[in-house]
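Asker: Sequence and predicted model, in that order:
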Amino acid sequence: MNKIPFGPTYDEMYDLDKIDPEIREKANKAKENEFDHMNLFNITWKDENNEVRKIVLPKELTGVDANIVVLIGKHFPSGSHKVGAAYSTLIEGCVDKEIIPGEHTILGPSTGNFGIGVSYICNLMGYDAIVIMPDNMSKERYERIKKYGAKLDLTPGTESDVILTLERTYELKSNPINKSLAQFELFPNYRFHRHVTGNSSIDAVKGIGNGRIACFTCAPGSAGTIAAGDKIKEVFPEVKIAALEPYECSTLTNGGRGQHRIEGIGDKMCTLIHNVLNTDFVVLIEDEDCVKGLKVIHDGSDTLIKCGVKKEIAYSMKDLFGVSGICNIIGAIKMAKHLKLGPDENVVTIATDGFDRYDSVLKDLDNRYLETADFVLERWKKDVFDNANVENISDYRKEDKKEQLFAQKEKDWLPFGYSKEYIDSMRKLEFWDNEYAKIKIYDKKIKEMRSID
Ligand SMILES: Cc1ncc(COP(=O)(O)O)c(C=O)c1O
């Protein structure tokens, strides 16, 4: 009955040594052809040697004593780690027999990378897919989705209008052939990041500073990635988890809902799968700083070298980040200053994707500014990185702040049919631990279905 190519378990995505060596070899070869379905086994933060792909940022860039360790997401198949959330949601639907090959069309509500991930995974696993996304995102995103063969269903607006994609998905779901990989509300996204990204973050700091994680900074879109913090907190209870959001769209801070330029994050909501119990700080980052920071790193290698960054490192960083990655880095610098972290301490953050989908964003920046010559980049380097300050950091560890986030969650999700009782059940850590524990069940089911010919 099962004709779809089955991929890895959660545990295999975290630890490549758990994959059968023959399959691992085939997956390595498959990197030459992105449409080879063995690439499902390349959904991981790890390289061929089972080492986390990461960069420890040069201190000449960050200006802080603490080590800022960034996990690099651009090497995931399809170019961003969002493919992990897409795969996990699809495979859970398959093993639960809710998604049937040949019968169902997959819906991917997204602002880009998740949609790219959904179209890619559906291509490898043989499903028709429709990606529902705003019509004003960077054009590189639409091109990728089309290349992977999904249809586009566009709603008006930008990143901040993601709620319209949810409403459109809700409409399309009334047709029973459509099955939604609802990243904002389904827990495979949470499970993937708590297990795979969380454990990989812990591995990433081995041998760096004191080998622990003092702070994890992460800008939520669906709030899947920030679930890595839940795993980190299990292992390093002292860690502070900081959720970053655009200054222009400060939903978690004060219900703000403006337009902004940081694609992938700041979606005007507290998502259903966001475990706010573990969110210790909320930090606002200005969108223009992120775009300028991207310009400095991508086009300003000479400027960075002048500021003391080693030549090979300056060049190696050029293509590693997108706009949200820079947001995460600025957030990491701000938190390192706020927490007064020393040279022994580590801040971990994430680069969801790389530069390949932001060329148009820098072209737009060049058009908006009269000059972006080296002396301008030098000033931006100082303004954005060295002078990142400790303003706009709010402490969310107190009861009233948790209440505020739960009120936001109710406002956002009661209209989609979730009950207050269900949302209230998320007030206990036990709820999140139970969701996470399902990994064992799903890994077993994936292995069983994989063994059926
Ligand atoms: C570029 C980028 N950064 C950050 C995020 C946020 O990640 P998450 O949805 O896991 O919160 C996304 C999500 O699509 C993204 O595309």
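Answerer: Perfect, thanks for sending it. Because the structure is a prediction, the values reported are computed rather than measured.

Asker: near the ligand, which residues of the stretch 201-350 of the chain show up?
Answerer: Ala219, Pro220, Gly221, Ser222, Ala223, Gly224, Thr225, Glu263, Gly264, Ile265, Gly322, Ser324 (C-beta under 6 Å from any ligand atom). No exception for glycine: its C-beta is placed from N, CA and C like everyone else's.

Asker: From these, which land in helices?
Answerer: Ser324 (DSSP state H).

Asker: Redo the residues of the stretch 201-350 of the chain next to the ligand as JSON lines? Include distance to Ile55, pLDDT and neighbour count.
Answerer: Listed next are those as JSON lines, based on distance: C-beta to C-beta, whole Å; pLDDT from 0 to 100; neighbours: other C-beta atoms under 10 Å:
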{"residue": "Ala219", "distance to Ile55": "18", "pLDDT": "98", "neighbour count": "29"}
{"residue": "Pro220", "distance to Ile55": "22", "pLDDT": "98", "neighbour count": "25"}
{"residue": "Gly221", "distance to Ile55": "22", "pLDDT": "96", "neighbour count": "28"}
{"residue": "Ser222", "distance to Ile55": "24", "pLDDT": "96", "neighbour count": "30"}
{"residue": "Ala223", "distance to Ile55": "24", "pLDDT": "98", "neighbour count": "27"}
{"residue": "Gly224", "distance to Ile55": "22", "pLDDT": "98", "neighbour count": "31"}
{"residue": "Thr225", "distance to Ile55": "17", "pLDDT": "98", "neighbour count": "31"}
{"residue": "Glu263", "distance to Ile55": "21", "pLDDT": "91", "neighbour count": "27"}
{"residue": "Gly264", "distance to Ile55": "19", "pLDDT": "91", "neighbour count": "28"}
{"residue": "Ile265", "distance to Ile55": "20", "pLDDT": "93", "neighbour count": "28"}
{"residue": "Gly322", "distance to Ile55": "14", "pLDDT": "97", "neighbour count": "30"}
{"residue": "Ser324", "distance to Ile55": "16", "pLDDT": "98", "neighbour count": "31"}
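
Asker: now the residues of the stretch 201-350 of the chain next to the ligand as a markdown table including distance to Leu304?
Answerer: Below are these laid out as a markdown table (distance: C-beta to C-beta, whole Å):
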| residue | distance to Leu304 |
| --- | --- |
| Ala219 | 23 |
| Pro220 | 29 |
| Gly221 | 28 |
| Ser222 | 32 |
| Ala223 | 32 |
| Gly224 | 31 |
| Thr225 | 26 |
| Glu263 | 24 |
| Gly264 | 24 |
| Ile265 | 25 |
| Gly322 | 18 |
| Ser324 | 20 |
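
Asker: Between the residues of the stretch 201-350 of the chain next to the ligand, which sits nearest Gly342?
Answerer: In terms of C-beta to C-beta, no member of these lies closer to Gly342 than Ala219, at 25.0 Å.

Asker: Find the closest residue to the ligand in the stretch 251-400 of the chain.
Answerer: Gly264 (2.3 Å; C-beta to the nearest ligand atom).

Asker: roughly how far is the longest helix seen in the chain from the heart of the chain?
Answerer: In the chain, assigned by DSSP H, the helix with the most residues is helix 429-450. In terms of C-alpha atoms, centre = their mean, to the nearest Å, the centre of helix 429-450 is found 21 Å from the chain centre.

Asker: mean confidence score for it?
Answerer: For helix 429-450, mean pLDDT is 96.

Asker: got it, and stretch 400-420?
Answerer: Average pLDDT, stretch 400-420: 97.

Asker: quick one: buried residues of that stretch?
Answerer: Lys401, Gln404, Leu405, Phe406, Gln408, Lys409, Glu410, Asp412, Trp413 (16 or more other C-beta atoms under 10 Å).

Asker: Just name the closest of the residues you listed to Asn389, please.
Answerer: Using C-beta to C-beta, those come closest to Asn389 at Lys401, 21.5 Å.

Asker: Report the backbone C-alpha coordinates of the longest helix of the chain in CSV.
Answerer: Output of helix 429-450 as CSV, limited to C-alpha atoms (Å, rounded to 0.1, in the frame of the first residue of the first chain):
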residue,chain,number,x,y,z
LEU,A,429,5.0,22.3,31.0
GLU,A,430,3.6,18.8,31.1
PHE,A,431,1.6,19.6,28.0
TRP,A,432,4.8,20.4,26.1
ASP,A,433,6.6,17.4,27.4
ASN,A,434,3.8,15.1,26.4
GLU,A,435,3.8,16.6,22.9
TYR,A,436,7.6,16.1,22.7
ALA,A,437,7.4,12.5,24.0
LYS,A,438,5.3,11.5,21.0
ILE,A,439,8.6,11.5,19.0
LYS,A,440,9.2,7.9,20.2
ILE,A,441,5.8,6.8,18.9
TYR,A,442,6.4,8.5,15.5
ASP,A,443,9.9,7.2,15.1
LYS,A,444,8.6,3.7,15.7
LYS,A,445,5.7,4.2,13.2
ILE,A,446,8.1,5.7,10.5
LYS,A,447,10.4,2.7,10.9
GLU,A,448,7.5,0.2,10.6
MET,A,449,6.0,1.9,7.5
ARG,A,450,9.5,2.1,5.9
